[in-house]
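Student: pasting the structure only:
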């Protein structure tokens, strides 16, 4: 029966107008993944390529476990690092219009496996979801 996959898709994808925290006001329509859905994927260890578009300093201060840093400032030079065969989820701490522009560039390049995290990193962190921080080595330790 074809109804179940569409129902699951409808639960995961929402319109950009429902995004508020972490991405600012509504903007262009992009597929958004609900925070709780990503949390379940992370918990189950499912293959999701998380792309953190924030600055390197913001990434170092904390990021979603398993995410890779690909700052907006170097996006064009590093776009080849984004896989075409895995699910790709973009997030940042920027207005939705900025992350929507990245989404649009990927779409124009033929990517059809990507979406945006609703509410961005701010929403993820505010809900108390896990955050990775690089461990700091102590001298002689």
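Tutor: Good, I have the coordinates. These numbers were taken from a predicted model, which means no experiment stands behind them.
Student: so who does the closest residue to residue 69 other than its chain neighbours touch?
Tutor: Take residue 69 and drop its neighbours on the chain: the residue closest to it by CB to CB, 6 or more residues apart in numbering is residue 59, 4.1 Å away. Just so you know, the C-beta spots here come from the backbone N, C-alpha and C atoms, and that holds for glycine as well. Neighbouring residues of residue 59 by CB atoms under 8 Å, 6 or more residues apart in numbering: 52, 67, 69, 71.
Student: check contacts around the second one.
Tutor: Taking CB under 8 Å, 6+ apart as the contact definition, residue 67 lies against 50-52, 59, 91, 132.
Student: residue 119: which of these is nearest?
Tutor: Nearest to residue 119 among the contacts of residue 67, counting by CB to CB, is residue 91 at 8.8 Å.
Student: tell me the buried residues in stretch 90-99?
Tutor: Under the neighbour-count criterion of 16 or more other CB atoms under 10 Å, stretch 90-99 has 90-94, 96, 98-99 buried.
Student: need the max-distance pair from the contacts of residue 67.
Tutor: The distance between the two most remote of the contacts of residue 67 (CB to CB) is 14.4 Å, for 51 and 132.
Student: ok, the two, which is more surrounded?
Tutor: Taking other CB atoms under 10 Å, residue 51 and residue 132 do not tie; residue 51 has more neighbours (25 against 12).
Student: after the helix or strand harbouring the more buried one, next one along is what?
Tutor: Secondary-structure assignment from DSSP states H and E places residue 51 in strand 48-52. Using DSSP H and E, the helix or strand that follows strand 48-52 towards the C-terminus is helix 56-61.
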